[in-house]
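**Q** Structure for this input, please:
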Amino acid sequence: MFPYPPDHEHSITQTKALFLALLCAVWVLTGLVGHDPWKPEDAHSFGLVYHILQSGDWLVPTLAGEPYMDKPPLFYMTAAVFAKLFSPMFALHDGARLVSGFYTAFTLLFTGLAGRELFGSGRGWAAVLILIGCLGMLVSAHQLVTDLALLTGCAVMQYGFTLSLRRPLRAGILIGTGVGIGFMAKGFIAPMLFLLISATMLVFRNWRVRPFFTSLGIASISALPWLTIWPTLLYLRSPQLFMEWAWTNNIGRWLDFAHSGHYDEMFYYVSILPWFAWPALPLAAWAVWQARKKVWHTIEFQLPLTSFIVMLVTLSLVPNIKDIFALPMLLPLTLLATAALTTLRRGAANALDWFGIMTFGLISILMWWGWAGLLLDNHAKITQWLKEYQPGFEPAVNTPSFWIALSATALWLMLVWRVGRSMRRAIINWAAGVTLIWLLAMTLWMPWLDSGKSYRSMVVSLKHALPAQHGCLGSLNVGDTQLAMLQYFGNITPRRHARDACDLLLVQSGQAPVPMENETAWKKIWEGGRSSDKNERFRLYQRADD
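**A** Below is the predicted model:
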């Protein structure tokens, strides 16, 4: 066969890039709208966003009327901007959740740029596809969580490091901006990662050069406004809140944890990475193994491997350990996995490809079968279990969602049937399979999920149970997230620490009621909760003499 002319070759490249961009867009945008704030992350973060929208206070994060000084407010501020910007088209919580797609898209962009800078043209798309294929990204990237802004900051910082030996000015600005975004998202963890990664890189001779030092100097200057403006304004507003944020909830908490010696969960991230970072982790391990003789002598391996080790050690030695906090580690692992494209043997690539096709094919069949079983009430065991898990759910066909799900399934079948076997195609097929499963969950299964994860029906039921004439409503053991959802869905604002002054009392507890002092003075008039959570119940009491 004769080679294609240059213009035809270019059109094929453009077509492929358009397809990959569309795949990424579908993965990013699916699930951001169309459902209520879900417990725990969505509801908690939206409570902070809702306060900004209601009060106009952009400086002090506040949840259920109480200052929430755990993190700086960058993510909540940008979410509030998105909620106001898109409020004519979407509900406030849907508009706010679009900010998750905004940060995730920038994370993918800078990860792709870093992959291209380290490994050459064409590797940027591979890095992006590997990242969206990581199982740990799937749910987290579509929640209203401030960790996504930290992830974006780390991605910008990582790209800046890749440029630091070649373009120190641009690299310094990018690194400083990444540090600043991370700081304004989650506090001191981003500056700490910057300092530790920078110091560790100086161990290698090829990083002890003037361009790198210049980049670090410019980065420090670029980060300074991010690191000082909000803390200064907070201190001017309230020195007490400043100390609560800086010391009580951050520096002091970490020092107490360091002195306690309780490191029971120090290896937690090591235990979850095999699934959380799949398939990036095994591909990264293979790339490092193949380059083991030169891995500590080449820039393209030194940076991501050092960054991963620093992130793993640092994040494992902080007071709070959660799956979502491992997100930054996916960035260097993805870059290392990108290096495996040219070294992974064809047999291993084919095995990964077929594993993905069989896995996602089986999961999609089960999802269609389970959805049809609910709809037809076929009395199968899995159908009965699904109905028991979400009691009261009434299945119905949403025509647009059905056709979107059916079209996506057909397109995925065409893709895996037509695309040949290779390492690049295995990555594309894996990313497409992950996207298909998420799209089915957010179309066919969205009503079922929303019925159990949302507080809307519970709040509406409570509001109907409130007496027509009543005084104030007190609360006992009601969490901040739940208070925020009461205010958002029902305009109900229980008062804390006002039990003796109110004629109504809302109590949150498990299955058994909370023992109350002088129980004869109260009578229960309502009980409810989310259908899928049997351990979170709400009970409304009224004074017996009213």
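
**Q** longest helix of this protein?
**A** helix 346-376 (DSSP state H).

**Q** Give me the angle between the helix or strand following that helix and helix 346-376.
**A** Counting by DSSP states H and E, the next helix or strand C-terminal to helix 346-376 is helix 381-389. When axes from the mean of the first three to the mean of the last three CA atoms, to 10 degrees is applied, the directions of helix 381-389 and helix 346-376 differ by 70 degrees.

**Q** Can you list the buried residues in whatever helix or strand comes next after helix 381-389?
**A** Next along the chain after helix 381-389, taking DSSP H and E as the criterion, comes helix 399-418. Residues of helix 399-418 classed as buried under the neighbour-count rule (16 or more other CB atoms under 10 Å) are 401, 404-405, 408-409, 412, 415-416. To be clear about C-beta, it is placed using only N, CA and C from the backbone, and glycine gets the same treatment.

**Q** Stretch 466-485 too?
**A** For stretch 466-485, a neighbour-count test (16+ other CB under 10 Å) marks 466, 473-476, 478-485 as buried.

**Q** and T314, how many neighbours?
**A** As a burial measure, T314 scores 16 neighbours (other CB atoms under 10 Å).

**Q** what residue ranges in the chain are flagged as low confidence?
**A** 1-12, 419-422, 497-499, 514-519, 546 (pLDDT under 70).

**Q** If we ignore the residues flanking it in sequence, what's nearest the residue positioned nearest the centre of it?
**A** Taking CA atoms, centre = their mean, the centroid of the chain lies closest to S140, which sits 2.8 Å from it. Nearest residue to S140, sequence neighbours excluded (CB to CB, 6 or more residues apart in numbering): I324, at 5.1 Å.

**Q** pretty sure that neighbour is touching H142, no?
**A** No - taking contacts as CB atoms under 8 Å, I324 lies outside contact range of H142: 12.0 Å.

**Q** who has more neighbours, these two?
**A** Taking other CB under 10 Å, I324 and H142 do not tie; H142 has more neighbours (22 against 17).

**Q** could you measure D545 against P467, distance?
**A** 14 Å (CB to CB, to the nearest Å).

**Q** W371 too?
**A** According to CB to CB, W371 and P467 sit 41 Å apart.

**Q** so how far is the longest helix of the chain from its chain's centroid?
**A** 24 Å (CA atoms, centre = their mean, to the nearest Å).

**Q** ok, now which ones touch S222?
**A** Contact analysis of S222 by CB atoms under 8 Å, 6 or more residues apart in numbering lists 172-173, 175-177, 179-180.

**Q** Next step: the buried residues of stretch 466-485 restricted to helices.
**A** 480-485.

**Q** P513: which of the buried residues of helix 399-418 is nearest?
**A** S401 (39.5 Å; CB to CB).

**Q** The closest one is in contact with L444, isn't it?
**A** Yes - the pair formed by S401 and L444 meets the contact definition of CB under 8 Å, at 6.5 Å.

**Q** just the strands in the chain please.
**A** Using DSSP state E, the strands of the chain run over residues 62-63, 66-67, 473-476, 504-509, 522-528, 537-543.

**Q** what would those strands look like in CSV with distance to S222?
**A** Formatted as CSV, the strands of the chain follow (distance: least, CB to CB, whole Å):
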stretch, distance to S222
strand 62-63, 30
strand 66-67, 29
strand 473-476, 45
strand 504-509, 45
strand 522-528, 51
strand 537-543, 48
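
**Q** burial measure for L362, as a count.
**A** Number of residues near L362 (other CB under 10 Å) recorded here: 10.

**Q** Could I get the contacting residues of it?
**A** With CB under 8 Å, 6+ apart as the criterion, no residue contacts L362.

**Q** Please apply the same query to T443.
**A** Contacts of T443 by CB under 8 Å, 6+ apart are 398, 401-402, 404-405, 408.

**Q** Pick the one among the residues you listed closest to G115.
**A** Checking the contacts of T443 against G115 with CB to CB, the nearest one is A408 at 26.7 Å.

**Q** Roughly how far does the closest residue in space to R123 that isn't next to it in sequence sit from P400?
**A** Leaving aside its chain neighbours, R123 sits nearest to G115 (4.7 Å; criterion: CB to CB, 6+ apart). Separation of G115 from P400 (CB to CB): 36 Å.

**Q** before we move on, back to that, out of the strands of the chain, nearest to F276?
**A** Minimum separation from F276 across those (CB to CB) falls at strand 62-63, 27.7 Å.

**Q** Mind listing the strands the closest one pairs with, and their directions?
**A** In the sheet, strand 62-63 lines up against strand 66-67 (antiparallel) (DSSP bridges).

**Q** Could you tell me how far the strand it pairs with lies from the centre of the chain?
**A** For strand 66-67 - counting by CA atoms, centre = their mean - the centre lies 24 Å from the chain centre.

**Q** same thing with stretch 128-148?
**A** 5 Å.

**Q** From one end of that stretch to the other, what's the distance?
**A** 16 Å (CA to CA, to the nearest Å).

**Q** which parts of that stretch are buried?
**A** Applying 16+ other CB under 10 Å to stretch 128-148 flags 128-138, 140-148 as buried.

**Q** which outside residues touch stretch 494-514?
**A** Counting by CB under 8 Å, 6+ apart, residues outside stretch 494-514 touching it are 65-66, 462, 466-467, 470-479, 482-483, 486, 516, 522, 524, 534-543, 546.

**Q** same question but for stretch 40-56, I mixed them up
**A** For stretch 40-56, using CB under 8 Å, 6+ apart, the contacting residues are 36-37, 57-58, 61-64, 68, 73, 75-77, 79-80, 83-84, 92-93, 96-97, 143-146, 324, 455, 480-485, 487-488.

**Q** rerun that using 7 Å as the cut-off
**A** Residues from elsewhere that reach stretch 40-56 (CB atoms under 7 Å, 6 or more residues apart in numbering): 37, 58, 61-64, 68, 76-77, 79-80, 83-84, 92-93, 96, 143-146, 455, 480-481, 484-485, 488.

**Q** which residue packs closest to D256, ignoring adjacent ones?
**A** In space, D256 is closest to P319, 7.8 Å off (CB to CB, 6+ apart).

**Q** Report how many residues lie close to that neighbour.
**A** The number of residues near P319, taken as other CB under 10 Å, comes to 15.

**Q** now do E394
**A** By other CB under 10 Å, neighbour count at E394 equals 8.

**Q** which phi and psi does it have?
**A** The phi and psi values for E394, taken as degrees, to the nearest 10, are phi -110, psi 110.

**Q** Give me the distance between it and S531.
**A** 12 Å.

**Q** residue contacts, the nearest residue to M77 once chain neighbours are set aside?
**A** Closest residue in space to M77, ignoring its immediate chain neighbours: W58 at 5.5 Å, by CB to CB, 6+ apart. Contact partners of W58, counting by CB under 7 Å, 6+ apart, are 52, 73, 77.

**Q** And the first one, how far from F75?
**A** Counting by CB to CB, the gap from I52 to F75 is 11 Å.

**Q** So which of those two has more stuff around it?
**A** Just comparing I52 and F75: by other CB under 10 Å the higher neighbour count belongs to F75, 28 against 23.

**Q** Count the neighbours of T343 for me.
**A** By other CB under 10 Å, 14 other residues sit near T343.

**Q** do the same with the one 5 residues further on
**A** Residue neighbour count, defined by other CB under 10 Å, stands at 16 for A348.

**Q** residues in contact with it?
**A** Counted by CB under 7 Å, 6+ apart, A348 has zero contacts.

**Q** Next up, the contacts around L29.
**A** Contacts of L29 by CB under 7 Å, 6+ apart are G101.

**Q** How much space separates the closest residue to F183 other than its chain neighbours from P319?
**A** With sequence-adjacent residues excluded and distances taken as CB to CB, 6+ apart, F183 is closest to A190, at 4.9 Å. Distance, A190 to P319, by CB to CB: 17 Å.

**Q** got it, and A544?
**A** Distance of A544 to P319, computed by CB to CB: 44 Å.
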